[in-house]
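Asks: I would like the atomic coordinates for the input below:
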Amino acid sequence: MSTDTNIVSIDAGTEQQLRIDLAAALRLAARADWHEGVANHFSAAVSSDGKQFLINPRWRHFSLVKASELLLVDADDTDAMNKPDAPDPSAWSIHSAIHRNVPHGRAALHLHPPYATTLACLKDPTIKPLEQVTARFFNRLAIDKSFGGIATDAREGERIAATIGNHNAVMMGNHGVTTLAPTIAEAFDLMYHLERASRTMVLAYSTGRPLNIMSDKLAEETASEWQTYKQAEFSHFEEMKQILDKEDPSYRD
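Replies: Down below sits the predicted model:
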């Protein structure tokens, strides 16, 4: 862990809530069939500089992860991958780079969900403003077209982090998607709507009919209006946790 006295770690109670929320997000991703085998990874910062963060344990199925099992790691720990409880190599490459370089990404969810990944495989993976959900991403989605293979190399993680810039979501060409936010709830809601928007795009393309794309002015107005419903992002996550609590509250353990 860092010894910088300017870096403040959160209290135990706050860390425990982050653990519960991150475990819930992982369980919910599996419930929605966004996961891929025992791959993909979620993280959440626990220090003021964002470099100390929680991440799911290597090759543990999303549907089984518990709060107590989440790994606490440091993005500046050069020995992290040599430890017996090291995270997945690509998880370390991507998330350590994000938590070193993307301050607004205190929570980062990386997935290969079916519709968003399908869109990421197209030559043009942008999300067109066709209705209000797709319009949410108008001029608000980073596009990464420089896929360099499975992200086990630190340079690939650094490149991905640089591509994100000040965006909260990135369409990773030939790969998948990542959402980032100050909180797990916001990152989860963003991932939910990113996959919904991608589904609309894929289904619209599948008709073979011309797309009825909004004007830039209308698309920007619609995207901006999402801020009116900012609190709904938190309510969405809380409601989903209530569903988990009824089905299987073991994620909290």
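
Asks: list the contacts for Gly173?
Replies: Each residue near Gly173 by Cβ atoms under 8 Å, 6 or more residues apart in numbering is listed here: 120-121, 125, 143-147. C-beta coordinates here come from the backbone N, C-alpha and C atoms, glycine included.

Asks: 7 Å - rerun?
Replies: 120, 125, 144-145, 147 (Cβ atoms under 7 Å, 6 or more residues apart in numbering).

Asks: could you pull up phi and psi at the closest residue to Ile55 other than its chain neighbours?
Replies: Sequence neighbours aside, Ser43 is the residue nearest to Ile55 in space, at 4.4 Å (criterion: Cβ to Cβ, 6 or more residues apart in numbering). Main-chain torsions, Ser43, degrees, to the nearest 10: phi -140, psi 160.

Asks: likewise the one 5 residues further on?
Replies: Backbone geometry at Ser48, expressed as degrees, to the nearest 10, gives phi -60, psi -30.

Asks: swap in the one 5 residues further on?
Replies: As for Phe53, its main-chain torsions (degrees, to the nearest 10) stand at phi -150, psi 160.

Asks: that one and Ala45 touch, don't they?
Replies: Yes - Phe53 lies in contact with Ala45 (Cβ atoms under 7 Å); the separation is 4.7 Å.

Asks: neighbour count winner among the two?
Replies: Shown here are Phe53 and Ala45; by other Cβ atoms under 10 Å, Phe53 has more neighbours (26 against 23).

Asks: state the pLDDT value of the more buried one.
Replies: pLDDT, Phe53: 97.

Asks: could you do Ile10 as well?
Replies: 71.
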